[in-house]
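> turn this into a structure:
(one chain, ligands or ions: 2)
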Amino acid sequence: MAEKSAASASLSDEQIQELVAKSHQAKKKAYAPYSNFHVGAALLTEDGITFTGCNVENAAYPVSCCAERTAIFKAVSEGYKAFRAIAIAGEVENEFLAPCGSCRQVMREFGTDWTVYLTKPDLSYRAMTVGELLPCHFGPEDLNKPKVKGQ
Ligand SMILES: O=c1ccn([C@H]2C[C@H](O)[C@@H](CO)O2)c(=O)[nH]1
Ligand SMILES: [Zn+2]
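Ligands and ions are numbered 1, 2, ... in the order given. Next up is the predicted model:
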């Protein structure tokens, strides 16, 4: 059922299945009247707390927020910034839902070595790290590197 990688080693099968199930539950809350594309996410913090999220669209389309970012922003706004994993749930038949580029960048802000579970509607999943999803990335550390002088 699952394609495992080293990235999933720290969570038990039961914990993963629970996180995946929560992401699919969260999908039911999606506010997506424009795209009719419902997405859910469930984010597990290092402290063992789960934050869920759904996509929240807006009549001014670009203002919309993806499910993954909803979950991450909820966690950060509650004081949690260390993440173990996030599961993402879509509704396309027999396909893993992969996060958009903006969400990958937001995930990367909080590290490259945590796990993203891409899931299918049948609750099967594939584990990847944030670094695998966003290779050659830009992050907070880059802002503190020495700069060339005189420009
Ligand atoms: O990984 C994804 C991909 C898309 N969406 C949302 C954004 C928008 O509301 C709708 C269609 O792109 O799906 C997510 O929430 N997560
Ligand atoms: Zn996104």
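> hmm, the lengthiest helix in the chain in reach of ligand 1?
In the chain, with assignment by DSSP state H, the single longest helix is helix 13-27. No. Counting by Cβ under 6 Å from any ligand atom, ligand 1 is not contacted by helix 13-27; separation bottoms out at 9.3 Å. Glycine gets a C-beta too; all of them are placed from N, C-alpha and C.
> show me where the protein has helices.
Assigned by DSSP H, the helices in the chain fall at 13-27, 67-77, 101-109, 130-133.
> can I get those in TSV with mean neighbour count, mean pLDDT and distance to residue 37?
Putting these into TSV (neighbours: other Cβ atoms under 10 Å; pLDDT from 0 to 100; distance: least, Cβ to Cβ, whole Å) gives the following:
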stretch	mean neighbour count	mean pLDDT	distance to residue 37
helix 13-27	19	98	10
helix 67-77	21	98	10
helix 101-109	17	98	14
helix 130-133	18	98	20
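> let's have these in CSV, adding distance to residue 148.
Formatted as CSV, the helices of the chain follow (distance: least, Cβ to Cβ, whole Å):
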stretch, distance to residue 148
helix 13-27, 44
helix 67-77, 33
helix 101-109, 25
helix 130-133, 27
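> for the longest helix of the chain, packing partners?
strand 40-45, strand 50-54, helix 67-77, strand 83-89, strand 115-119, strand 125-129 (3 or more Cβ pairs under 8 Å, 6 or more residues apart in numbering; DSSP states H and E).
> lovely, talk soon.
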